[in-house]
Structure formats: structure tokens, C-alpha cells
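J.: my questions concern the predicted model and sequence given below.
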Amino acid sequence: MTIDLYAWNTPNCRKISVALEAMELPYRVHTINIGKDEQFAEDFLKISPNNKVPAIVDPDGPGGKPVSVFESGAILIYLGEKTGKFWPKDLRARIPVLEWLMFQMGGFGPMPGQVHHFLGLDNERDRHYGLERYSKETRRLYGVMDKHLAGRQWFADELSIADFAILGWAWRHERHKVDLSEFPQVERWYESMMARPAVQRGIEVSLS
């Protein structure tokens, strides 16, 4: 059955469109225009209590009953559990997937997201402090990833939902003013990810 994806053209939503394509799950997109505050609509609130995209509704949830899931990390784990793809069954193998998923959710997302915010401010005095602080932390996180990826193809032992999560934000590296050539291991990983047909489809699908 077809999963309903409620989304807009944001890094967190791209994580899910890429994962759905990679897991070969049928889905249809319902655009939620956050520029017009559509995320605050009463109907959307029922499936996303925090009024944020993405969210999904799976008509064929556990026990064959419909289920809604909000928060991109939770959605990725749910889809991994549902399909058994990109989500190791072995607990030890699952640990690095969870570690790097939480790394993305707690840092490599909120930090570049703040860069995006401060870049959009017109007042230079307002921009300066925020950009200096969050750009520095964003670059530090790229350095953490670059060091980790030395000698590794993926963030965990195999391609996983952690890679999809991180890709959603690395996809916006130009927007947060990061030149990937300064982080060669991340650049190699990024190019490898973007060369995958399922990833290309997930990135190209219209979410707005």
C-alpha cells in the first residue's frame, strides 16, 4: 500500500524521500507549504503534533492498521524496521547506525540550520554573531565526519538510514557555505551517495 509523505523541500524531508526510494516503497507526496504556515493546519497537527515536516501515514502499519509517524529520525527507524533495509538486525551492528543518526539529529541539522537562518537576516550586526558561532560549529561537525569516514565507505558498517539522514543536510552544503573539497572524505562519500539512482530519484522528486 502507498505511504503518504507530508513534506516540503527541506533537508529533513529529503532524508525521507531518499529513504523511500532506496527501500522501494510506494509513496505519494502531500506538499505542506511551510512558507504559508500550512504546517499549522488542524488536520496536519493530528499527525505532526510539533507542526513540523516531514510526517508520514502508513495505511499498512503494524498489525495491518494505519499509523502516522512524525520526526524524520523516527520515520527513518520506522521504515527500516518495516522493510528490514538499511537497518541492521544485529544489535552490535545497529549501534553505529543509531550513533550517527543521533549525531545528525542533535548536531548536523540544528547547527547548519542556524547558519541558514542567520544568512537570511538583513541586519549585519544581527547576522555576525550567529554566523560566526554556528558556522564554526557546522565546520567542526564536517571535520568529525571527515575524520570518521577515513578508510570507510559509509558511516556505519554498511549503507544505512544514518547515511540518508546525514545526506539530507550535506545536500545543502552550498547553502551553509561549506566547500566539500575542504573535507575530502565527506566529499567522496557525498559523491558516492549522489551517484546512486534511488538517491537521485529521492532528491529530484517534487516536494514543493
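T.: Received it, and whenever you're ready, just let me know what you need. Quick caveat: nothing in here was measured; it's all calculated off a predicted structure.
J.: could you measure from Val186 over to His173?
T.: According to C-beta to C-beta, to the nearest Å, Val186 and His173 sit 9 Å apart. C-beta here means a position set from N, CA and C on the backbone, and glycine is covered the same way.
J.: shared neighbours of the two, anything?
T.: Residues touching both Val186 and His173 (C-beta atoms under 8 Å, 6 or more residues apart in numbering) are Leu180.
J.: those two: who's more crowded?
T.: The neighbour comparison of Val186 against His173 (other C-beta atoms under 10 Å) goes to Val186, with 23 against 18.
J.: my guess is the more buried one contacts Ala170, does it?
T.: Yes. Between Val186 and Ala170 there is a contact under C-beta atoms under 8 Å: 6.8 Å.
J.: list the residues that contact both of the two?
T.: Leu180.
J.: list the buried ones in stretch 127-142?
T.: 131, 134-135, 137-139, 141-142 (16 or more other C-beta atoms under 10 Å).
J.: between those residues, which sits nearest Ser160?
T.: Distance to Ser160, by C-beta to C-beta, is smallest for Leu141 among the buried residues of stretch 127-142, at 18.5 Å.
J.: ok, and the closest non-adjacent residue to the closest one?
T.: Of all residues not flanking Leu141 in the chain, Phe108 sits nearest, at 4.8 Å (C-beta to C-beta, 6 or more residues apart in numbering).
J.: quick one: contacts for the one you found?
T.: By C-beta under 8 Å, 6+ apart, the neighbours of Phe108 are 138, 141, 145, 166, 169.
J.: let's see that with 7 Å instead.
T.: 141, 166, 169 (C-beta atoms under 7 Å, 6 or more residues apart in numbering).
J.: can you classify it by secondary structure?
T.: Going by DSSP: H, G, I helix; E, B strand; the rest coil, the secondary structure assigned to Phe108 is coil.
J.: that one and Asn123, how far apart?
T.: From Phe108 over to Asn123 (counting by C-beta to C-beta), the distance is 27 Å.
J.: swap in Ile16?
T.: 34 Å.
J.: ditto for Arg14
T.: Counting by C-beta to C-beta - Arg14 and Asn123 are separated by 30 Å.
J.: quick one, which of these two is more surrounded?
T.: Arg14 (24 against 7).
J.: not counting sequence-adjacent ones, nearest residue to the more buried one?
T.: That would be Gly168: by C-beta to C-beta, 6+ apart, it lies 4.5 Å from Arg14.
J.: my read: the one you found touches Asn9, true?
T.: No. Contact criterion C-beta atoms under 7 Å: Gly168 and Asn9 do not qualify, at 11.2 Å.
J.: neighbour count winner among those two?
T.: Ranked by neighbour count (other C-beta under 10 Å), Gly168 and Asn9 place Gly168 first, with 27 against 15.
J.: quick one: the more buried one from Phe86, how far?
T.: From Gly168 to Phe86 the distance is 14 Å (C-beta to C-beta).
J.: now do Asp122, the pLDDT please.
T.: pLDDT, Asp122: 88.
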